[in-house]
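Chemist: pasting the structure only:
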C-alpha cells in the first residue's frame, strides 16, 4: 500500500441491487462503480462471491496498492464488533460473518455497518447534510430505514439497534406493521405502505389513473405508479402523496422535538414526488413541532440517491480505521 | 473559597414548589434543603428574590467559602448561553435573565438549564440510571418533561430544544395537546391527561370510587385520586392506569427503537401506582420494540423523586465549570 491511500471501497447491499464503488479517500464521486441484481434467493455464499468479484474488478481498475480497505453496508441488524449480519428479513440471511468472508477473499481490511446508517453517514459526509452536527437520515423504500449521525459519528445505541425511525408508531391502534407493532410510520409511508393505502381508497377514486390500472389489470398499483400519476396531474394520486407527506411529518416532527437536529435528509424513490410530498410534509411539521426546533432544522431530499450507501460505508471504514473522516 | 469546594447549590424551580439544596461536590444526599411554594402569580422578581433568600440561608448554614456555585433548573425553553429563561407556560415568564439575576444577588457563579434535563441528569449522576452511557428521563407531572443524557452529557440539540418526549405524537388524529399538535403522549399520560381520560369514561364506571367523587362533589377527579382508588382495588381506576401504561409504552417503545438506550427512568407522582402502571407498560413495550433493543434497556422508576432536579442542576454546574462530574 502507498503511504497515503487514494481510495476506499464502498459496498452497498440492498434487497434489489448490489453496488460497489471506490470512494476517494477524502470524499468525492465514486469511480469504478459496479452494480448487479442481488438475487438473494441464491443464498449468502453466492451473493458474497459476486460482491468479491465486483470488488476485485473495481480495485483492479485502480490498482490494489491504492485501496485502503472496504466498508460494507448491509440491511441489519448487524453485530459490528463481530462483523456479523445477524438477520435480514429481505435477504433471508442469519448470522452471516460477512466482514471476515470479504476480508479473507480480498485480503483487504473490512468494516461492517447497517445500510441505513451508511446512507445517513454518506449524506452527512458528502451529501445533503454535509458536516451537520446532528443529522437524521430516512430512506423510504421497501421499509423505512433510519440513521442518526451526532458529532460526526453514527449513533449506534447500546446494542447497535438505534435509529429504527421506520418503527416509530404514530398511531397506536393503527395499521399493523411487519414488525408486529401497530401504527409504525413504515406501515404508511414505505413503498408497500403507500401502495396499500392507494389501493384501499380506490373505491372513492373514480377517474383516477390508478383506478384504471387496478381495473384493467395493466399492472400493479405501486408507489412508483402513484408518483407517476401524481406528476401527470391525477388528483387521487396527489391526495395519496399528500397524506403520505402528512403522516411522514408526524414522524419528522417527533424527531425534531426529540433530537432538535440541524438537518433531516429524506431519501428513496418517493422523494421524486417533490412538492407533492414535501409541501404537505413541511406544512404538517409546522403544525406539530416546536418553532425554535423547526427553525433550527432543514428537512431536505437526499443528494446522493444511488451512492450514499457506498460512500457512507467507505466513510464508516475511514472513521473506524483512521479515527474519523 | 477553599481549594476544594465542598458543595454546589442546586435550585429546582417548579410550577408548584421551589427547592434549594446543597449537593456534595462529588455527589450524594443534599443538605440544608429549603422548599417553598412557587406562587408564580406574584411575578418573576418575587420568585427570584425568594430563591436568593433560600440560597443565602442554605449557604450560610455551611459557610460561603465552601460552595462552588449554583446550578439552576427551570421549566424551559431556556437559552443556556445567555442564561435566560425564554418562556414558561406554567410560570408565565418570558425572557427572564435568571442566571445573572441570581449571580448578582449571591455573588456566586451560576449555570442554567431546563428542569427536565436537570432531573434526567440527576438520575444519571446519582439515581436510577447511575453512570449509564445512554439514558432517557421522563417526568410525568402537569406536563411530561424529557431529558436525554448521552456519554455523560445532557443532549441539548441544535437550539437547546431537544428531549421533548412529552410532545411525541403517538396518535396522529388523537387528543388535542396544549402545544397545538394532536396525540402527544402528554395529552394522555400527564396528570391532567390521566384525569381527563378518567372523567370521560365515568359513564361506564358505575360503582367506581371515582364516579362517586364526581357525583357527590367531594372533590375533583385527579391523577392522584386515580392512583389512590387503584391502590384500594377500584377496577375502573386500575383500568385507567393500565391504559396509561400502554400509551406510555408506545412512547417508550419508540424511544427504545430510536435511541437503543441503556435505561429509561420514569419519574413523577403517578409512578407511585407501581405495577398498576409499570406492568402494562412493560408488556406493551415487549409487543412493540425490537427484542435486541428491549434486552439492552431497563425501564425503571426514578430513585430521587424530590431531589433529582436540584442534584441534576448542581451536576450541570459541575459539568460546565469543572468539565464534567
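Modeler: Structure's in. What do you need? It should be emphasised that the depicted structure is a prediction, and the values quoted were computed from it without experimental measurement. Numbers count the residues shown, from 1 in each chain, chains lettered A, B, ... in the order given.

Chemist: surely residue A:13 meets residue A:115?
Modeler: Yes - the criterion here is Cβ atoms under 8 Å, and residue A:13 meets it with residue A:115 at 6.6 Å. C-beta: built from backbone N, CA, C; applies to glycine.

Chemist: Now for the two: what residues contact both?
Modeler: Overlap between the neighbourhoods of residue A:13 and residue A:115 consists of A:73, A:74, A:75, taking contacts as Cβ atoms under 8 Å, 6 or more residues apart in numbering or on different chains.

Chemist: quick one: secondary structure of the closest residue to residue A:68 other than its chain neighbours?
Modeler: Using Cβ to Cβ, 6 or more residues apart in numbering or on different chains and skipping the chain neighbours, the partner closest in space to residue A:68 is residue A:5 (3.6 Å). Under DSSP: H, G, I helix; E, B strand; the rest coil, residue A:5 falls in the coil class.

Chemist: Look up how far residue B:104 lies from residue A:5.
Modeler: 57 Å (Cβ to Cβ, to the nearest Å).

Chemist: When the two are compared, which one has more neighbours?
Modeler: Set side by side, residue A:5 and residue B:104 show more neighbours around residue A:5, with 16 against 12, by other Cβ atoms under 10 Å in any protein chain shown.

Chemist: What separation do you get for the more buried one and chain B?
Modeler: As for residue A:5, its distance to chain B is 30 Å (criterion: Cβ to the nearest Cβ, to the nearest Å).

Chemist: Could you do residue A:17 as well?
Modeler: Using Cβ to the nearest Cβ, residue A:17 is found at 26 Å from chain B.

Chemist: Would you mind listing what in the stretch 101-250 of chain A touches chain B?
Modeler: Residues of the stretch 101-250 of chain A lying close to chain B (Cβ under 8 Å from any Cβ of the partner chain) are A:133-134, A:146, A:148, A:150, A:155-165, A:167-173, A:179-183, A:246-247, A:250.

Chemist: check contacts around the closest residue to chain B within the stretch 101-250 of chain A.
Modeler: In the stretch 101-250 of chain A, the residue found nearest to chain B is residue A:157; the distance is 2.4 Å by Cβ to the nearest Cβ. Going by Cβ under 8 Å, 6+ apart, residue A:157 touches A:163, B:134, B:259, B:260, B:261, B:293, B:296.

Chemist: Could you rerun that using 6 Å?
Modeler: residue B:260 (Cβ atoms under 6 Å, 6 or more residues apart in numbering or on different chains).

Chemist: Residue A:158 now?
Modeler: Under the criterion of Cβ under 6 Å, 6+ apart, the contact partners of residue A:158 comprise B:134, B:260, B:262, B:296.

Chemist: at 10 Å what do you get?
Modeler: Counting by Cβ atoms under 10 Å, 6 or more residues apart in numbering or on different chains, residue A:158 makes contact with B:132-134, B:256, B:259-263, B:292-293, B:295-297.

Chemist: In strands only, show me those.
Modeler: Assignment to strands by DSSP state E places the following of the contacts of residue A:158 there: B:134, B:263.

Chemist: Just the buried residues of the contacts of residue A:158.
Modeler: Buried by 16 or more other Cβ atoms under 10 Å in any protein chain shown: B:132, B:134, B:256, B:259, B:260, B:261, B:262, B:263, B:292, B:293, B:296, B:297, out of these.

Chemist: Thanks a lot, catch you later.
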